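Novice: using only what follows, build the 3D model:
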Amino acid sequence: MPIGWLLDRMASWEDVEAVIWRAEPVSYEQLLGRARQWRVRLAEDGVGEGHIVALEGGLSPDICALLIALIQHRAVIVPLGPVSDRNRFDFLQIAQGQHVYAFDAGGAVKVSHRPCSPPTGLLRELIARGEPGLVLFTSGSSGNPKAVVHSLERLLWKFQKPRARLRTAGLFRLDHIAGFDSIFYALSSGGTLIVVENYQPDEMCRAIEHHAANHLTATPTFLRLLLGSGACWRHDLSSLQLVTYGSEVMPEATLHVLRKAMPNARFIQKYGLTELGSPRSRSKDSDSAWIKIVDGDFEARVVNGTLQIRTRSSMLGYLNAPDPFTADGWFDTGDAVETDGEYIRILGRKSEVINVGGEKVYPAEVENVLLEMPNVKDVIVRGEPNQILGNIVSAAVSVLEPETAESLGSRMRKFCKGRLARYKIPVKVEVVTDAQYGDRFKKQRAQKG
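Specialist: The predicted structure is shown next:
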């Protein structure tokens, strides 16, 4: 059985709360009971071993139980987040999906079946080996989303070593590697998943307070929303002992304020990619953006300023893109880094670097300075084409109090003088009111033009 070790462990916890959903706890015993019911339902629905099954909907006890049942069934799981009908169709075509289980807001499920040819390529090889699989789509921030194929036996192997038992609240997105990791970290360690369906700052903070969560997992963008909304000051978050964050660069200015808002918590930056999973890491300290990968199953090296990683839990490959691995099995992450001994600091995606007259500008570095300005709520820095310099730096700024772009730009130039090199100071400044992040709570920093 692919996850016999996990089922045995979960059975030993019986009455421990596994999932809290809509304020109702579901124990490990109850969760395993639901998983057994789903095994029966899958057979009745004609889902055979090795079939490719798409899941739609937010995390719930039933979806957790269905995940476990599908892994036992050696199925290939394709979680789908909020996407347009066109993207949904494309994703199902790429992943060669045969069945779709779509959960609505009330928890009811609708099952549909798709006529498909026998699986091909990596999926056929995975199924032939009798291994359960996972297909995740990247966010597509640097192009069209790529379909990443994982062996779940490889991906879940790291959880066989039990970790600390935590009561975790966070962004449990099934279609995101960080959400998937968080779910199985909890279930493999006897922890509790505190599900917040409405990803609003007050709802998250209210759940942390009410259910005494001691772990919060989120993106830097979502943590900035907690600060900007004031939610973290309106609720008692003293139960938090650990805050883990990742998926994008954390501005140090934000980290300093978070430490004041959540003084009892230790902050750890996680590093992970859809293609690799998330290795265990250690921050230099809670105020530092420097991290060290401390997971013995992951090797890291820096080549020409870019981070490369090798691990046994890496993806098998893409369904719709060329093989990205080097001849000796290393994955080029595309992340530019600085090094300090064993520690690294993520500067940003190389694809996001702005070339200004031959000089490199990392957007996160500029954003970190601008976030210290008075009246700046949030900011996204990106490049815009320029006939003379190649690109210029532009800043789209959300403000706390109304202010014109002219006034803000004038203050910005004075504020940045001495803090940033002249070519890094934004030339174009606009004041925006729309959200500058996607449904995965990551900044949308694609270059214009």
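
Novice: hey, let's count contacts and neighbours off CA atoms from now on
Specialist: Noted.

Novice: my read: residue 425 touches residue 414, true?
Specialist: No: counting by Cα atoms under 8 Å, residue 425 does not reach residue 414; the two are 9.9 Å apart.

Novice: out of those two, which sits in the busier spot?
Specialist: Ranked by neighbour count (other Cα atoms under 10 Å), residue 425 and residue 414 place residue 425 first, with 24 against 11.

Novice: now for this protein, the helix or strand with the poorest mean pLDDT.
Specialist: strand 281-283 (a mean of 79; mean pLDDT, DSSP states H and E).

Novice: in its sheet, what does that one sit against?
Specialist: strand 291-293 (antiparallel) (DSSP bridges).

Novice: so which bits of the helix or strand that comes right after the strand it pairs with are buried?
Specialist: The helix or strand immediately downstream of strand 291-293 is strand 298-303, counting by DSSP states H and E. Across strand 298-303, burial judged by 16 or more other Cα atoms under 10 Å covers 298, 300, 302.

Novice: quick check: which element contains residue 406?
Specialist: helix 405-416.

Novice: mind giving me the packing neighbours of that helix?
Specialist: helix 363-370, strand 428-431 (3 or more Cα pairs under 8 Å, 6 or more residues apart in numbering; DSSP states H and E).

Novice: give the partner strands of the shortest one in its sheet and their orientations.
Specialist: It refers to strand 428-431. strand 390-399 (parallel).

Novice: tell me the angle the strand it pairs with makes with helix 363-370.
Specialist: 40 degrees (axes from the mean of the first three to the mean of the last three Cα atoms, to 10 degrees).

Novice: distance between the ends of stretch 316-324?
Specialist: End-to-end span of stretch 316-324 (Cα to Cα, to the nearest Å): 10 Å.

Novice: tell me the mean pLDDT for that stretch?
Specialist: In this model, stretch 316-324 carries a mean pLDDT of 91.

Novice: quick one, domains of the protein?
Specialist: 4-156, 158-350, 353-431 (automatic domain parsing).

Novice: looking at these, which has the lowest confidence?
Specialist: Across the domains of the chain, the lowest-scoring stretch is domain 158-350, with a mean of 87.

Novice: quick one: residues contacting the residue lying closest to residue 388 once chain neighbours are set aside.
Specialist: Residue nearest to residue 388 in three dimensions, not counting chain neighbours: residue 357, with 7.8 Å by Cα to Cα, 6 or more residues apart in numbering. Residue 357 is in contact with 388, 389, 390, 391, counting by Cα atoms under 8 Å, 6 or more residues apart in numbering.

Novice: how close does residue 357 sit to residue 363?
Specialist: Taking Cα to Cα, one finds residue 357 at 16 Å from residue 363.

Novice: buried residues in the longest helix seen in the chain?
Specialist: Ranked by number of residues, the top helix in the chain under DSSP state H is helix 28-44. Using 16+ other Cα under 10 Å as the test for burial, helix 28-44 gives 28, 29, 30, 31, 32, 34, 35, 36, 38, 39, 42.
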